[in-house]
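> the following comprises the amino acid sequence and a computationally predicted model.
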Amino acid sequence: MPRRWEIDDSVAARLVAETQERGRMSWRKRKPFGNGKTLGFIGLLLAILVFSVWAFMPLGGFLKGQSPTGSGLFPPESTAILGERNMTTIQDRLTTVVASATVAFAAISFAPTAPQAQAQSCAGDINGDSLVNGVDLAQVLADWGACGVTAPIISSVTPSFGPAAGGTAITILGSSLSTVTSVTIGGVAATNVVVVSATVVTAVAPAGTGGAKNVVVITPNSSATAIGAFTYSSGLAWATVLEWIPNPAVVTDANLRAAITATNLPWRVLDNGTNIEMLLVPGGTFMMGCSPGDTQCESGESPTHQVTLTNAFYMGKTEVTQAQWQAKMGSNPSSFGGQPNNPVEMISWSMAQSFNNATGFRLPTEAEWEFSCRAGSTTALYGVFGDIAWYGANSGGTTRPVATKLPNALGLYDTIGNVWEWTKDWYGPYASGAVTNPTGPATGSKHPQRGGSWYDSYLQGMDRASMRAIGHEPYIYFNDGFRVARNP
(Lines give C-alpha, C1' and ligand atoms only; values in the text may rest on other atoms or scores of the structure.)
Protein backbone atom coordinates (compact mmCIF):
# COMPACT_ATOMS: atom_id res chain seq x y z
CA MET A 1 0.00 0.00 0.00
CA PRO A 2 1.50 3.40 -0.91
CA ARG A 3 2.02 5.77 1.95
CA ARG A 4 1.27 9.44 1.94
CA TRP A 5 1.92 12.56 3.99
CA GLU A 6 -0.81 14.88 5.14
CA ILE A 7 -0.93 18.02 7.29
CA ASP A 8 -4.04 19.28 8.99
CA ASP A 9 -5.68 22.65 8.10
CA SER A 10 -4.45 24.53 11.18
CA VAL A 11 -0.82 23.72 10.38
CA ALA A 12 -1.34 24.78 6.77
CA ALA A 13 -2.83 28.08 7.81
CA ARG A 14 0.05 28.72 10.16
CA LEU A 15 2.54 27.97 7.39
CA VAL A 16 0.85 30.49 5.11
CA ALA A 17 0.87 33.14 7.81
CA GLU A 18 4.51 32.52 8.75
CA THR A 19 5.60 32.56 5.13
CA GLN A 20 3.80 35.83 4.49
CA GLU A 21 5.25 37.39 7.60
CA ARG A 22 8.77 36.22 6.84
CA GLY A 23 8.44 37.71 3.36
CA ARG A 24 7.23 41.00 4.75
CA MET A 25 9.90 41.17 7.44
CA SER A 26 12.72 40.32 5.03
CA TRP A 27 11.66 42.90 2.47
CA ARG A 28 10.82 45.43 5.12
CA LYS A 29 14.42 45.40 6.23
CA ARG A 30 15.74 45.74 2.72
CA LYS A 31 12.88 47.93 1.36
CA PRO A 32 14.03 47.59 -2.23
CA PHE A 33 10.65 48.75 -3.46
CA GLY A 34 9.62 50.92 -0.54
CA ASN A 35 6.00 49.60 -0.47
CA GLY A 36 4.42 47.11 1.97
CA LYS A 37 1.98 45.88 -0.64
CA THR A 38 4.84 44.67 -2.84
CA LEU A 39 6.39 42.81 0.09
CA GLY A 40 3.13 41.06 0.86
CA PHE A 41 2.83 39.96 -2.73
CA ILE A 42 6.28 38.29 -2.52
CA GLY A 43 5.12 36.50 0.62
CA LEU A 44 2.06 35.25 -1.20
CA LEU A 45 4.20 33.73 -3.94
CA LEU A 46 6.23 31.85 -1.33
CA ALA A 47 3.05 30.59 0.29
CA ILE A 48 1.73 29.31 -3.01
CA LEU A 49 5.04 27.51 -3.61
CA VAL A 50 4.79 25.68 -0.23
CA PHE A 51 1.20 24.71 -0.86
CA SER A 52 2.10 23.43 -4.31
CA VAL A 53 4.77 21.12 -2.87
CA TRP A 54 2.34 19.92 -0.23
CA ALA A 55 -0.40 19.30 -2.75
CA PHE A 56 1.60 17.53 -5.40
CA MET A 57 3.96 15.50 -3.13
CA PRO A 58 1.40 12.70 -2.59
CA LEU A 59 0.77 12.56 -6.30
CA GLY A 60 4.39 11.69 -6.95
CA GLY A 61 4.36 9.01 -4.23
CA PHE A 62 1.06 7.61 -5.35
CA LEU A 63 2.20 7.18 -8.92
CA LYS A 64 5.56 5.67 -7.98
CA GLY A 65 4.37 3.63 -5.02
CA GLN A 66 6.90 5.39 -2.78
CA SER A 67 6.67 7.08 0.56
CA PRO A 68 8.09 10.52 1.35
CA THR A 69 8.93 9.35 4.85
CA GLY A 70 11.96 11.08 6.26
CA SER A 71 12.04 13.64 3.53
CA GLY A 72 12.24 16.38 6.15
CA LEU A 73 10.21 18.75 4.05
CA PHE A 74 7.70 19.45 6.79
CA PRO A 75 8.10 20.18 10.48
CA PRO A 76 7.57 17.49 13.18
CA GLU A 77 4.12 18.80 13.89
CA SER A 78 2.93 17.24 10.60
CA THR A 79 0.72 14.16 11.08
CA ALA A 80 1.59 11.11 8.95
CA ILE A 81 -1.32 8.99 7.95
CA LEU A 82 -1.01 5.72 6.06
CA GLY A 83 -3.73 4.45 3.86
CA GLU A 84 -5.05 4.26 0.43
CA ARG A 85 -6.23 7.38 -1.30
CA ASN A 86 -7.17 8.18 -4.85
CA MET A 87 -6.93 11.27 -6.96
CA THR A 88 -9.80 12.87 -5.04
CA THR A 89 -7.33 13.75 -2.29
CA ILE A 90 -5.19 15.63 -4.76
CA GLN A 91 -8.20 17.53 -6.07
CA ASP A 92 -9.26 18.46 -2.53
CA ARG A 93 -5.84 19.87 -1.78
CA LEU A 94 -5.71 21.83 -4.97
CA THR A 95 -9.02 23.37 -4.01
CA THR A 96 -7.56 24.27 -0.61
CA VAL A 97 -4.53 25.87 -2.24
CA VAL A 98 -6.66 28.02 -4.53
CA ALA A 99 -9.03 29.06 -1.75
CA SER A 100 -6.20 29.92 0.65
CA ALA A 101 -4.32 31.85 -2.02
CA THR A 102 -7.43 33.83 -2.88
CA VAL A 103 -7.98 34.77 0.74
CA ALA A 104 -4.32 35.68 1.19
CA PHE A 105 -4.23 37.79 -1.98
CA ALA A 106 -7.34 39.65 -0.94
CA ALA A 107 -5.89 40.27 2.49
CA ILE A 108 -2.61 41.50 1.08
CA SER A 109 -3.83 43.48 -1.88
CA PHE A 110 -7.03 45.07 -0.66
CA ALA A 111 -6.63 45.40 3.07
CA PRO A 112 -4.28 47.74 4.93
CA THR A 113 -1.19 46.20 6.41
CA ALA A 114 -0.27 46.61 10.01
CA PRO A 115 1.30 49.94 10.95
CA GLN A 116 4.99 50.03 10.03
CA ALA A 117 7.84 51.57 11.92
CA GLN A 118 8.81 53.47 8.78
CA ALA A 119 6.52 56.03 7.12
CA GLN A 120 4.88 54.57 4.02
CA SER A 121 4.43 56.62 0.84
CA CYS A 122 0.86 57.11 -0.35
CA ALA A 123 1.68 58.75 -3.63
CA GLY A 124 -0.21 55.96 -5.34
CA ASP A 125 -3.43 56.62 -3.40
CA ILE A 126 -5.32 57.92 -6.39
CA ASN A 127 -8.86 57.82 -4.98
CA GLY A 128 -7.90 59.30 -1.61
CA ASP A 129 -9.11 56.45 0.62
CA SER A 130 -5.75 56.24 2.47
CA LEU A 131 -5.05 52.91 0.77
CA VAL A 132 -2.86 52.02 -2.17
CA ASN A 133 -4.73 49.04 -3.58
CA GLY A 134 -6.34 47.45 -6.58
CA VAL A 135 -8.78 50.32 -7.00
CA ASP A 136 -5.87 52.70 -7.55
CA LEU A 137 -4.22 50.22 -9.89
CA ALA A 138 -7.41 49.95 -11.92
CA GLN A 139 -7.46 53.72 -12.35
CA VAL A 140 -3.84 53.74 -13.50
CA LEU A 141 -4.56 51.01 -16.03
CA ALA A 142 -7.67 52.83 -17.25
CA ASP A 143 -5.59 55.96 -17.90
CA TRP A 144 -2.70 54.04 -19.50
CA GLY A 145 -1.12 55.81 -22.47
CA ALA A 146 -0.21 59.38 -23.44
CA CYS A 147 -1.78 62.01 -21.22
CA GLY A 148 -3.96 64.72 -22.78
CA VAL A 149 -1.89 67.75 -23.84
CA THR A 150 -3.26 71.26 -24.35
CA ALA A 151 -2.05 72.62 -27.66
CA PRO A 152 -0.07 75.91 -27.50
CA ILE A 153 -1.69 79.12 -28.70
CA ILE A 154 0.05 82.25 -30.08
CA SER A 155 -1.77 85.51 -29.38
CA SER A 156 0.91 88.01 -30.50
CA VAL A 157 4.49 88.39 -31.72
CA THR A 158 6.35 91.64 -30.97
CA PRO A 159 7.98 93.27 -32.68
CA SER A 160 6.27 92.10 -35.82
CA PHE A 161 9.13 93.06 -38.13
CA GLY A 162 12.89 93.14 -38.36
CA PRO A 163 15.82 93.28 -40.76
CA ALA A 164 16.39 90.50 -43.26
CA ALA A 165 19.82 90.00 -41.70
CA GLY A 166 18.14 88.60 -38.58
CA GLY A 167 18.99 89.30 -34.97
CA THR A 168 15.67 90.83 -33.89
CA ALA A 169 14.70 89.86 -30.34
CA ILE A 170 11.03 88.86 -30.38
CA THR A 171 8.51 88.15 -27.64
CA ILE A 172 5.75 85.61 -28.22
CA LEU A 173 2.67 85.86 -26.02
CA GLY A 174 0.03 83.15 -25.78
CA SER A 175 -0.99 80.19 -23.65
CA SER A 176 0.26 76.64 -22.97
CA LEU A 177 3.78 77.68 -23.97
CA SER A 178 5.61 76.09 -21.03
CA THR A 179 6.77 73.05 -23.04
CA VAL A 180 7.91 74.93 -26.16
CA THR A 181 11.16 73.42 -27.41
CA SER A 182 11.75 75.46 -30.56
CA VAL A 183 10.53 78.41 -32.64
CA THR A 184 10.68 78.85 -36.39
CA ILE A 185 10.17 81.95 -38.54
CA GLY A 186 9.48 81.26 -42.17
CA GLY A 187 10.54 77.66 -41.58
CA VAL A 188 13.96 78.63 -40.22
CA ALA A 189 14.82 77.91 -36.60
CA ALA A 190 15.08 80.92 -34.29
CA THR A 191 17.92 81.07 -31.77
CA ASN A 192 18.11 81.81 -28.04
CA VAL A 193 14.65 80.38 -27.38
CA VAL A 194 13.71 80.97 -23.74
CA VAL A 195 10.48 79.81 -22.10
CA VAL A 196 9.81 82.63 -19.65
CA SER A 197 6.46 81.25 -18.49
CA ALA A 198 3.41 79.39 -19.76
CA THR A 199 2.37 82.59 -21.53
CA VAL A 200 5.69 84.11 -22.67
CA VAL A 201 8.49 82.82 -24.91
CA THR A 202 11.39 84.91 -26.22
CA ALA A 203 13.65 84.18 -29.19
CA VAL A 204 15.95 85.82 -31.71
CA ALA A 205 14.84 85.91 -35.34
CA PRO A 206 17.09 84.19 -37.89
CA ALA A 207 18.06 85.73 -41.19
CA GLY A 208 15.32 85.62 -43.80
CA THR A 209 14.00 86.96 -47.06
CA GLY A 210 11.69 89.95 -47.40
CA GLY A 211 8.01 89.68 -46.67
CA ALA A 212 5.62 88.36 -44.02
CA LYS A 213 6.51 84.98 -42.49
CA ASN A 214 4.71 82.48 -40.30
CA VAL A 215 5.88 82.11 -36.71
CA VAL A 216 5.62 78.56 -35.32
CA VAL A 217 6.11 77.39 -31.74
CA ILE A 218 6.79 73.66 -31.32
CA THR A 219 6.20 71.44 -28.27
CA PRO A 220 6.88 67.69 -27.87
CA ASN A 221 3.26 66.88 -28.73
CA SER A 222 1.91 69.80 -30.73
CA SER A 223 2.58 73.16 -32.37
CA ALA A 224 0.93 76.50 -33.09
CA THR A 225 1.28 78.83 -36.07
CA ALA A 226 0.77 82.59 -36.30
CA ILE A 227 0.20 83.35 -39.97
CA GLY A 228 2.35 86.19 -41.31
CA ALA A 229 3.21 87.32 -37.79
CA PHE A 230 6.76 88.50 -38.58
CA THR A 231 7.87 90.58 -41.55
CA TYR A 232 11.41 90.81 -42.83
CA SER A 233 12.22 94.32 -44.03
CA SER A 234 15.11 95.40 -46.19
CA GLY A 235 15.09 98.80 -44.47
CA LEU A 236 15.04 102.12 -46.30
CA ALA A 237 16.88 102.77 -49.54
CA TRP A 238 17.84 106.29 -48.48
CA ALA A 239 18.93 105.62 -44.90
CA THR A 240 20.97 103.40 -42.62
CA VAL A 241 18.99 101.85 -39.81
CA LEU A 242 20.40 102.71 -36.39
CA GLU A 243 17.67 101.10 -34.29
CA TRP A 244 14.68 99.12 -35.49
CA ILE A 245 12.67 99.16 -32.28
CA PRO A 246 11.99 102.30 -30.20
CA ASN A 247 14.09 102.55 -27.09
CA PRO A 248 11.81 102.79 -24.00
CA ALA A 249 14.32 105.14 -22.37
CA VAL A 250 13.77 107.58 -25.25
CA VAL A 251 10.20 106.95 -26.38
CA THR A 252 8.77 106.97 -22.90
CA ASP A 253 5.09 106.67 -23.85
CA ALA A 254 4.07 103.01 -24.20
CA ASN A 255 1.26 103.89 -26.61
CA LEU A 256 3.68 105.73 -28.88
CA ARG A 257 6.10 102.79 -28.81
CA ALA A 258 3.32 100.41 -29.78
CA ALA A 259 2.21 102.71 -32.59
CA ILE A 260 5.76 103.02 -33.92
CA THR A 261 6.32 99.28 -33.81
CA ALA A 262 3.01 98.63 -35.56
CA THR A 263 4.22 100.52 -38.64
CA ASN A 264 6.80 97.79 -39.40
CA LEU A 265 9.27 100.58 -40.15
CA PRO A 266 12.64 101.15 -38.45
CA TRP A 267 12.46 103.69 -35.64
CA ARG A 268 15.83 105.52 -35.78
CA VAL A 269 17.68 106.03 -39.05
CA LEU A 270 20.56 108.06 -40.48
CA ASP A 271 20.04 109.75 -43.83
CA ASN A 272 22.78 108.54 -46.15
CA GLY A 273 23.10 111.83 -48.03
CA THR A 274 23.36 114.28 -45.11
CA ASN A 275 24.02 112.23 -41.95
CA ILE A 276 20.90 113.79 -40.45
CA GLU A 277 19.44 111.50 -37.81
CA MET A 278 15.69 110.97 -38.07
CA LEU A 279 13.05 109.38 -35.87
CA LEU A 280 9.83 107.72 -36.96
CA VAL A 281 6.59 109.46 -36.03
CA PRO A 282 3.55 107.17 -36.25
CA GLY A 283 0.16 108.26 -37.46
CA GLY A 284 -2.48 109.09 -34.90
CA THR A 285 -5.30 111.37 -33.79
CA PHE A 286 -4.94 114.44 -31.57
CA MET A 287 -6.58 117.76 -30.72
CA MET A 288 -4.84 120.56 -32.62
CA GLY A 289 -4.94 124.14 -31.42
CA CYS A 290 -5.18 125.87 -28.06
CA SER A 291 -4.38 123.50 -25.22
CA PRO A 292 -6.91 123.05 -22.38
CA GLY A 293 -6.24 125.61 -19.66
CA ASP A 294 -3.76 127.61 -21.73
CA THR A 295 -4.54 131.29 -21.06
CA GLN A 296 -1.92 132.63 -23.52
CA CYS A 297 -3.58 131.32 -26.68
CA GLU A 298 -4.11 133.73 -29.57
CA SER A 299 -7.07 133.81 -31.91
CA GLY A 300 -5.20 131.97 -34.66
CA GLU A 301 -4.90 128.89 -32.41
CA SER A 302 -8.66 128.35 -32.40
CA PRO A 303 -10.86 126.53 -32.85
CA THR A 304 -9.31 123.47 -31.28
CA HIS A 305 -10.22 120.62 -33.59
CA GLN A 306 -9.55 116.92 -34.08
CA VAL A 307 -6.87 115.96 -36.56
CA THR A 308 -6.06 112.45 -37.78
CA LEU A 309 -2.78 111.63 -39.49
CA THR A 310 -3.01 108.30 -41.27
CA ASN A 311 0.60 107.97 -42.43
CA ALA A 312 3.82 107.56 -40.51
CA PHE A 313 6.70 109.89 -41.43
CA TYR A 314 10.25 110.64 -40.37
CA MET A 315 11.17 113.82 -38.53
CA GLY A 316 14.63 115.26 -37.93
CA LYS A 317 15.80 114.43 -34.40
CA THR A 318 17.07 118.01 -34.14
CA GLU A 319 16.84 121.22 -36.09
CA VAL A 320 19.19 121.34 -39.08
CA THR A 321 22.62 122.42 -37.85
CA GLN A 322 25.12 124.81 -39.36
CA ALA A 323 27.43 121.90 -40.19
CA GLN A 324 24.70 119.96 -41.97
CA TRP A 325 23.62 122.97 -43.99
CA GLN A 326 27.13 123.98 -44.98
CA ALA A 327 28.09 120.43 -45.99
CA LYS A 328 25.26 120.39 -48.52
CA MET A 329 24.86 124.02 -49.54
CA GLY A 330 28.49 125.17 -49.40
CA SER A 331 28.01 128.25 -47.16
CA ASN A 332 26.70 129.22 -43.76
CA PRO A 333 24.21 132.12 -43.59
CA SER A 334 23.90 132.09 -39.77
CA SER A 335 24.25 135.23 -37.66
CA PHE A 336 25.90 133.12 -35.00
CA GLY A 337 28.24 131.39 -37.43
CA GLY A 338 31.16 129.17 -36.57
CA GLN A 339 29.05 127.00 -34.30
CA PRO A 340 28.67 123.70 -36.23
CA ASN A 341 26.35 122.10 -33.69
CA ASN A 342 24.08 125.11 -33.32
CA PRO A 343 20.98 125.31 -35.51
CA VAL A 344 21.40 127.10 -38.79
CA GLU A 345 19.41 130.39 -38.84
CA MET A 346 18.72 133.32 -41.10
CA ILE A 347 16.80 130.79 -43.20
CA SER A 348 13.76 131.75 -45.26
CA TRP A 349 11.02 129.32 -46.29
CA SER A 350 12.39 129.30 -49.84
CA MET A 351 15.93 128.62 -48.62
CA ALA A 352 14.65 125.67 -46.61
CA GLN A 353 12.90 124.39 -49.72
CA SER A 354 16.15 124.63 -51.66
CA PHE A 355 17.93 122.48 -49.09
CA ASN A 356 15.13 119.95 -49.20
CA ASN A 357 15.15 119.77 -52.98
CA ALA A 358 18.86 118.98 -52.84
CA THR A 359 18.51 116.26 -50.23
CA GLY A 360 15.13 114.56 -50.76
CA PHE A 361 13.67 115.98 -47.56
CA ARG A 362 10.55 118.11 -47.11
CA LEU A 363 9.13 120.44 -44.51
CA PRO A 364 6.53 118.94 -42.16
CA THR A 365 2.95 120.07 -42.51
CA GLU A 366 1.71 122.24 -39.68
CA ALA A 367 -0.39 119.36 -38.36
CA GLU A 368 2.58 116.96 -38.52
CA TRP A 369 4.73 119.48 -36.66
CA GLU A 370 2.26 119.98 -33.80
CA PHE A 371 1.58 116.25 -33.51
CA SER A 372 5.34 115.61 -33.31
CA CYS A 373 5.89 118.42 -30.80
CA ARG A 374 3.13 117.29 -28.46
CA ALA A 375 4.22 113.63 -28.63
CA GLY A 376 1.06 112.53 -26.90
CA SER A 377 0.81 115.44 -24.47
CA THR A 378 -2.20 117.76 -24.31
CA THR A 379 -0.62 120.68 -22.45
CA ALA A 380 1.05 123.83 -23.73
CA LEU A 381 4.50 122.39 -22.90
CA TYR A 382 5.62 118.75 -22.80
CA GLY A 383 7.87 119.37 -19.79
CA VAL A 384 9.29 122.00 -17.44
CA PHE A 385 10.07 125.00 -19.62
CA GLY A 386 13.68 125.54 -18.54
CA ASP A 387 14.42 121.83 -18.86
CA ILE A 388 13.20 121.44 -22.43
CA ALA A 389 13.88 124.79 -24.12
CA TRP A 390 16.45 127.49 -24.86
CA TYR A 391 14.55 130.78 -24.64
CA GLY A 392 15.12 134.43 -23.78
CA ALA A 393 15.83 133.96 -20.08
CA ASN A 394 18.40 131.13 -20.34
CA SER A 395 19.95 131.28 -23.83
CA GLY A 396 22.47 134.02 -23.16
CA GLY A 397 21.34 135.95 -26.23
CA THR A 398 22.33 133.33 -28.82
CA THR A 399 21.39 130.02 -30.33
CA ARG A 400 22.65 127.02 -28.42
CA PRO A 401 23.92 123.56 -29.50
CA VAL A 402 21.09 121.24 -30.44
CA ALA A 403 20.05 118.29 -28.25
CA THR A 404 21.34 119.86 -25.04
CA LYS A 405 17.91 120.12 -23.40
CA LEU A 406 15.51 117.27 -22.64
CA PRO A 407 13.67 115.67 -25.58
CA ASN A 408 9.97 115.06 -25.82
CA ALA A 409 8.32 111.61 -25.60
CA LEU A 410 9.20 110.84 -29.24
CA GLY A 411 12.88 111.61 -28.70
CA LEU A 412 12.80 114.93 -30.61
CA TYR A 413 14.89 117.84 -29.28
CA ASP A 414 14.23 121.59 -29.30
CA THR A 415 10.72 121.52 -30.71
CA ILE A 416 10.20 124.28 -28.16
CA GLY A 417 12.83 127.07 -28.23
CA ASN A 418 16.23 127.62 -29.91
CA VAL A 419 14.93 128.63 -33.40
CA TRP A 420 11.52 129.00 -35.03
CA GLU A 421 10.77 126.18 -37.45
CA TRP A 422 9.14 126.58 -40.85
CA THR A 423 6.22 124.37 -41.89
CA LYS A 424 5.09 123.46 -45.38
CA ASP A 425 1.53 124.89 -45.35
CA TRP A 426 0.24 128.26 -46.36
CA TYR A 427 -1.04 130.13 -43.36
CA GLY A 428 -4.81 130.14 -42.90
CA PRO A 429 -7.61 129.69 -40.34
CA TYR A 430 -8.24 126.30 -38.80
CA ALA A 431 -11.10 124.05 -39.83
CA SER A 432 -14.11 124.06 -37.52
CA GLY A 433 -14.51 120.29 -37.52
CA ALA A 434 -12.48 117.10 -37.58
CA VAL A 435 -10.04 116.74 -40.47
CA THR A 436 -7.70 114.06 -41.81
CA ASN A 437 -4.19 114.75 -43.13
CA PRO A 438 -4.69 118.53 -43.45
CA THR A 439 -2.22 120.48 -45.59
CA GLY A 440 -3.51 124.02 -45.12
CA PRO A 441 -4.95 126.40 -47.73
CA ALA A 442 -4.30 125.75 -51.40
CA THR A 443 -2.75 129.21 -51.83
CA GLY A 444 -1.44 132.03 -49.68
CA SER A 445 1.33 134.53 -49.05
CA LYS A 446 2.64 133.52 -45.63
CA HIS A 447 3.78 130.30 -43.96
CA PRO A 448 3.35 129.22 -40.33
CA GLN A 449 6.39 129.02 -38.07
CA ARG A 450 6.25 126.96 -34.91
CA GLY A 451 8.02 126.35 -31.59
CA GLY A 452 9.47 129.70 -30.47
CA SER A 453 13.14 130.57 -30.17
CA TRP A 454 16.14 131.54 -28.05
CA TYR A 455 15.03 135.19 -28.32
CA ASP A 456 11.47 134.85 -27.05
CA SER A 457 10.09 135.21 -23.56
CA TYR A 458 7.78 132.68 -21.99
CA LEU A 459 5.70 135.57 -20.65
CA GLN A 460 5.04 136.62 -24.23
CA GLY A 461 3.50 133.19 -24.83
CA MET A 462 5.66 132.45 -27.84
CA ASP A 463 7.22 129.13 -26.83
CA ARG A 464 4.20 126.83 -26.70
CA ALA A 465 3.06 123.74 -28.62
CA SER A 466 0.05 125.45 -30.21
CA MET A 467 1.61 128.87 -30.92
CA ARG A 468 1.49 129.93 -34.61
CA ALA A 469 3.84 132.65 -35.84
CA ILE A 470 3.43 134.09 -39.33
CA GLY A 471 6.51 134.02 -41.52
CA HIS A 472 6.82 136.62 -44.24
CA GLU A 473 8.88 136.12 -47.36
CA PRO A 474 11.40 137.49 -48.16
CA TYR A 475 12.10 138.65 -44.61
CA ILE A 476 14.45 136.50 -42.58
CA TYR A 477 15.63 136.75 -38.97
CA PHE A 478 18.37 135.47 -36.72
CA ASN A 479 15.96 133.10 -35.02
CA ASP A 480 14.45 131.48 -38.16
CA GLY A 481 15.52 127.88 -38.79
CA PHE A 482 13.87 124.61 -39.76
CA ARG A 483 13.58 120.88 -39.18
CA VAL A 484 13.29 118.34 -42.00
CA ALA A 485 10.74 115.58 -42.56
CA ARG A 486 10.62 112.68 -44.99
CA ASN A 487 8.22 110.00 -46.14
CA PRO A 488 9.38 106.39 -45.61
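On my side now, so go ahead. Worth saying up front: this structure is predicted, and the values here are computed from it rather than measured.
> what's the end-to-end length of stretch 478-488?
32 Å (Cα to Cα, to the nearest Å).
> burial check on A224, number of neighbours?
20 (other Cβ atoms under 10 Å). (Glycine included, C-beta is placed from N, CA and C.)
> then S331?
Neighbours around S331, by other Cβ under 10 Å: 8.
> R464 too?
Number of residues near R464 (other Cβ under 10 Å) recorded here: 24.
> quick one: the helices in the protein, in order.
Under the criterion DSSP state H, helices of the chain are mapped to 9-30, 36-64, 87-110, 134-142, 254-262, 322-329, 349-359, 366-374, 385-388.
> correct me if wrong: G428 contacts A442.
No: using Cβ atoms under 8 Å, G428 is not in contact with A442, being 9.2 Å away.
> more neighbours: the two, which one.
Applying other Cβ under 10 Å to G428 and A442 shows that G428 carries more neighbours, namely 15 against 7.
> residues in contact with that one?
440-441, 444 (Cβ atoms under 8 Å, 6 or more residues apart in numbering).
> flag the shaky bits of the stretch 51-200 of the chain, pLDDT-wise.
51-121, 145-148 (pLDDT under 70).
> what's near enough to touch T199?
Applying Cβ under 8 Å, 6+ apart to T199 gives the contacts 173-175, 177.
> let's see the PyMOL selection covering just the buried ones among those.
Only the buried members of those enter the following PyMOL selection, criterion being 16 or more other Cβ atoms under 10 Å:
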select buried, resi 173+174+177
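> from the contacts of T199, which land in strands?
173-175 (DSSP state E).
> out of the contacts of T199, the closest to A352 would be?
L173 (44.8 Å; Cβ to Cβ).
> please parse this protein into its domains.
3-142, 153-233, 239-486 (automatic domain parsing).
> pick the most deeply packed of these.
Highest mean neighbour count of the domains of the chain: domain 239-486, a mean of 19 (counted as mean count of other Cβ atoms under 10 Å).
> returning to what we had before: closest to S130 out of the ones in strands among the contacts of T199?
S175 (36.4 Å).
> can I assume the closest one is in contact with S155?
Yes: if you go by Cβ under 8 Å, S175 and S155 touch, sitting 7.3 Å apart.
> gap between V307 and E421?
18 Å (Cβ to Cβ, to the nearest Å).
> do the same with I388
Distance from I388 to E421, by Cβ to Cβ: 15 Å.
> so how far is the longest strand along the chain from its chain's centroid?
Identified as the longest strand of the chain according to DSSP E is strand 223-233. The gap between where strand 223-233 is centred and where its chain is centred comes out at 14 Å by Cα atoms, centre = their mean, to the nearest Å.
> touching it from outside, list them.
Against strand 223-233 from outside (Cβ under 8 Å, 6+ apart): 151-154, 156-157, 160-164, 170, 172, 174, 185-186, 205, 208-217, 264-266.
> so which of these belong to strands?
Those of the contacts of strand 223-233 lying in strands (DSSP E): 153-154, 156-157, 161-163, 170, 172, 174, 185, 211-217.
> quick one: residues contacting A375.
A375 touches 253, 256, 382, 408-410, 412, counting by Cβ under 8 Å, 6+ apart.
> against V183, how distant is the closest residue to I172 other than its chain neighbours?
Excluding its sequence neighbours, the residue lying closest to I172 (Cβ to Cβ, 6 or more residues apart in numbering) is V201, at 4.5 Å. Distance, V201 to V183, by Cβ to Cβ: 7 Å.
> joint contacts of these two?
172, 193, 217.
> make sure the second one is actually in contact with V180.
Yes: the pair V193 and V180 qualifies as a contact (Cβ under 8 Å) at a distance of 7.1 Å.
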